[in-house]
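Peer 1: Any chance you can model this:
(chains A and B)
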Amino acid sequence: MTTADYDQASLPDLLPLYYRRLFPFSQYHRWLNYGGVTKNYFQNREFSFTLKDDIYVRYQSFSTQNELEKEMQKMNPYKIDIGAVYSHRPNQHNTVKSGSFQALEKELVFDIDMTDYDDVRSCCSGADICPKCWTLMTIAIRILDRALRDDFGFRHCLWVYSGRRGVHCWVCDEAARKLSVAARSAVAEYLSLVKGGDETVRKVVLSDPIHPFITESLTVVENYFSQYALLGQDILGSKEAVDKVLALLPEDILFLCATFHMIFGVHSVASLLAKHALMKTAFFNQMTAKKGHYFEMEIMLQYCYPRLDVNVSKGVNHLLKSPFSVHPKTGRISVPIDLRELDRFDPFEVPTISLICEELDQPKTEEEQDDNMENENKKEAGERRKMRDYKRTSLAKYVKLFDNFLEEMAHSRKGEVLKNSGECNLNP
Amino acid sequence: MDYLGLIINIFVSVAKTGNDRHAFTSSSRAEIRTLCGNWRESRQIDRSKASSLGKLSEARYRTMQFYSRRKKLIGNSQTEQLYGHCLQFYGQPPIENISLSEFETFAVDRLKLLKTVENLGVSYVKTSELYTKKLDAEFSNLNFPYKIEASTKDDWKPQTGPSEYEKRRKDHISHFILRLAYCQTEDLRRWFIQQEIDLFRYRFNDLPSKNIGQFLQYNNLHYHTISIDEKKKLMDKLVTSSFAVSGSTVDGKDFYKVPFQDALDLVRTRKVYLNGGYVYIPHQDIVTIVLNDFRTRLSKALALTARSLPAVQSDERLQPLLNHLSHAYVGQDYSIQKSIGKISLEQIDPLSAKSYPLCMRQLHRGLRDSHHLRHGGRMQYGLFLKGIGLTLDQALQFWRSEFVKGKVDADKFDKAYAYSIRHMFGKEGKRTDYTPYSCMKVILSNPPSQGDQHGCPFRHSDPELLKQKLQSYKVSPSGISQILELVKGMHYQLACQKYFELTHSIEDSGFSLNHPNQYFMESQKLLGGPGAGVKVEVKREDNPATKPPNPSPHQTPGPGNLPQEVAAEITEDLDSFFQDA
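Peer 2: Below you'll find the predicted structure:
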């Protein structure tokens, strides 16, 4: 059993252990310091903590990694949020002349929340998730990651499991961090296809020409559609479900659907696939005859396309849950997601704080004994112990992922420096 | 030259009114004001000075002479360069001297123009022919440069009406004056930038293509074109991403490779091919890029202006005019309400059926039904309630009693939601007293998504659902189809006005709707309810269905030093400029 019975009441006991022996402070600092290229980048970063009894404190900032560690170990926050890099140290913002204290930079972030899909998922609602609807997150990550990389040219995107019902993306490229509010909002809107609230029935509207971005996204959706929507979500499996789909169609197509629904009935894999096939052929013919003929694509997109909260991405000063923060309700750690193994990611396998604290108590294996011998001479005792500690737990592979991510960024930075210095040499 | 320079110049210019030492002393401010013609002063005019009128007219004559002489001196050479193109980015502030009366006229004319731009922008699609025609008319009425004239030396010769040079000069100066008036708050800045951008777009689109090239060069905008090979490679993508682009367009025209940050509008609407962080733009779409550049520059400039503002505000001649200019735009912002505390919580349900605009009725219904509203809805409705006169305590009670019926217990409400309500009333954080959203704001910003109830139903609801809702509110079928027609034509505020007329059983609402709280107040006025605000001197007619043709304007929420009647007079003057046709 991988979750080791998490109970929210035990957080006050688990958190101190987590922050003293498991939280990857050195990687965390390495990330937010960004190679120390810009002066005071780490020092001017805002953190916010949610403490016991829902006490919320903003504008926390730290001068060094050590200070961050000490403070977190003292406060044992239930939740940690990361904000923007400001013009001055956030913990001194009251001393700054009003108007001069400004949010300057922050990673471009995205928050995909399963509740936003409640109108199109039949298995769960609200804060619940299950393996069936998790596919929506997989689709979201594939589509957005491709767009961020190929279309926008961003190279350092960190995808993180939020701990309960969604995923976050942190785009850490320098260009991304420097984006203005308008730019962030434009990026978020470029990536938005599903629009409208409760009052809107047809939330995806396509028209000529179909932008390459939409074509690419559709390719991803089509890969997953049969398995996810027709089988898993059973969107044609009951009268109500079918009615929901039909509501998205133009009226003159509806008579067709009524017909095949009567013929094929409900509840068999064969009939489902047959329906899908029929949908494709009958509609194809109609499609060529009518303008506004993208309803098949619109339906697939409405059921599967990522729904992001533009407001989260827009604000430079918006606070978002930190990677490696604990989710108080589920106990799960917000861990990075490995995109190479995306289809195998299981949110229910993500380690909880109780699990990893338990794993700390287990005896060392032989492998680790050898490792220890090697590292004896290199580092201080304290750090040694800490490095060993998380490696003994299920957290290890996630910290390694994070390490790889940071390595890539460092590599990029070096590349930039070389390029710039090369240019300097050529232009005396 | 910076703003301080401009202001100092204005100071200096008026001081030098001939040899008249009266011109600048504090006791003679009244005289200057009379000198400047039809602009009534906000301070009480010292009536005793009236006796010196004889002296004044002489001084006035000399002043006029002085200015007309100076005008001729600021002749052709220097400013010809400045006004070499009929369109400009307004990079350099004007460095000449002008009279206070010209200052005022220019400012008011440009404001009229921008208001027209705003109104047309809501009623028509911004690039349609009707829009262009109407804006053309307004341009020529107000003597602004709009068609690129044959700019030869002949232009400088006086013609009937102002010359092209004078029009461009007016354009230049009036823009900078309005910057002073509109730099002070975020809302004002946003409005000003939006209208100036729409104005710029309209004028840029009017430029023939060779002049576009000229303009780009003139303003140092270097965007790189892509090679023929690259065009071939990207041919498919380019064709499918832009509406007006076909295979032959790609071959024939230039395509520019521009970093996406410089083309946000095109990116936002997916009107262009984006790859590796660059957008590929056909030559004819360069306008959006230019617009973005303009927006950024203007935004920065306004922020800078706001910082230099204290120097301007200390001049008592300018400050009242600038205040009037910005209030004229806002009209009523409903942040100071006269009916505060006159509405009781029990009245809200019936009021919501009788006097709420559709958006608020929807929000109220949503709140009652699900005992909850999301953030966007809480803001829109909460501020509206503040605008109709709820006190902070009433608001807290109202929201708490509703939320507690749902999933939120009183404790959690106090922790999580009470804070944001106090915030709305300006009692937390940076203590901004937030103003209730105008129709423009509701329609244009923060569209609702899944689970949201806010927004404008005429804009954001499916027509089918809107129809059902109107049917359930017992609107007649013919009324509903009229409303749906207006919605189809994107006249959302007119549709809401129609809804007002149908639900109040009157022919003509008699006002031009631009704010939900205005809807409420007008409704309450008609029905004689507590939320009507200031008791206005209206001749009580037997038939409540007819209204006086020009309703008295409401009390302007201005700075405390405006005597009430004078303020009303002035606003009436300025307001009458802005009555919608």
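
Peer 1: nearest residue to residue B:476 other than its sequence neighbours?
Peer 2: residue B:502 (6.7 Å; Cβ to Cβ, 6 or more residues apart in numbering or on different chains). Every residue, glycine included, has its C-beta placed from N, CA and C.

Peer 1: secondary structure element for residue A:80?
Peer 2: Taking DSSP states H and E as the criterion, residue A:80 maps to strand A:79-86.

Peer 1: Next, the residues that contact that strand from outside, please.
Peer 2: The contact list for strand A:79-86 (Cβ atoms under 8 Å, 6 or more residues apart in numbering or on different chains) reads A:32, A:41, A:44-50, A:58, A:72, A:90, A:93, A:101-106, A:177, A:316-322, A:325-328.

Peer 1: now with 7 Å?
Peer 2: With Cβ atoms under 7 Å, 6 or more residues apart in numbering or on different chains as the test, strand A:79-86 has contacts from A:41, A:44-50, A:101-106, A:316-317, A:319-322, A:325, A:328.

Peer 1: Mind giving me the PyMOL select for the residues you listed, buried ones only?
Peer 2: Listed next is the PyMOL selection for buried residues among the contacts of strand A:79-86, using 16 or more other Cβ atoms under 10 Å in any protein chain shown:
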select buried, chain A and resi 41+44+45+46+47+48+49+50+101+103+104+105+106+316+319+320+321+322+325+328
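
Peer 1: Strands along the stretch 201-350 of chain A, start to end?
Peer 2: A:320-321 (DSSP state E, counting those that start in this stretch).

Peer 1: what stretches of it score poorly on pLDDT?
Peer 2: Applying pLDDT under 70 to the stretch 201-350 of chain A flags residues A:250-293.

Peer 1: With the stretch 101-250 of chain B instead?
Peer 2: For the stretch 101-250 of chain B, the stretches with pLDDT under 70 are B:122-124, B:126-127, B:146-162, B:209-210, B:213, B:222, B:243-244.

Peer 1: Apply 80 and report the result again.
Peer 2: B:119-132, B:134-135, B:138-165, B:187, B:205-226, B:242-250 (pLDDT under 80).

Peer 1: Which parts of it are helices?
Peer 2: Taking DSSP state H, counting those that start in this stretch as the criterion, the stretch 101-250 of chain B carries its helices at B:129-141, B:164-182, B:186-206, B:209-218, B:228-241, B:247-252.

Peer 1: before we move on, which element is residue B:520 in?
Peer 2: helix B:516-527.

Peer 1: on contacts alone, who are the packing partners of that helix?
Peer 2: helix B:375-388 (3 or more Cβ pairs under 7 Å, 6 or more residues apart in numbering or on different chains; DSSP states H and E).

Peer 1: and the angle for the helix holding residue B:520 with helix B:375-388?
Peer 2: 40 degrees (axes from the mean of the first three to the mean of the last three Cα atoms, to 10 degrees).

Peer 1: which parts of the stretch 301-428 of chain A sit against chain B?
Peer 2: residue A:307 (Cβ under 7 Å from any Cβ of the partner chain).

Peer 1: Output the residue of the stretch 301-428 of chain A whose distance to chain B is smallest.
Peer 2: Across the stretch 301-428 of chain A, the shortest distance to chain B (Cβ to the nearest Cβ) belongs to residue A:307, at 6.8 Å.

Peer 1: hang on, that residue packs against residue A:116?
Peer 2: Yes - under the contact definition of Cβ atoms under 7 Å, residue A:307 touches residue A:116, with a separation of 4.2 Å.

Peer 1: Show me the common contact partners of the two, please.
Peer 2: residue B:450.

Peer 1: Between those two, which has more neighbouring residues?
Peer 2: Between residue A:307 and residue A:116, residue A:307 has the larger neighbour count (other Cβ atoms under 10 Å in any protein chain shown), namely 23 against 20.

Peer 1: So which elements touch the longest helix along chain B?
Peer 2: Using DSSP state H to define each element, chain B has its longest helix at helix B:286-313. Counting contacts by 3+ Cβ pairs under 7 Å, 6+ apart, helix B:286-313 is packed against helix B:3-15, helix B:164-182, helix B:186-206, helix B:264-268.

Peer 1: of all the ones you listed, which lies closest to chain A?
Peer 2: Going by Cβ to the nearest Cβ, the one of the helices and strands packed on helix B:286-313 nearest chain A is helix B:264-268, 4.0 Å.
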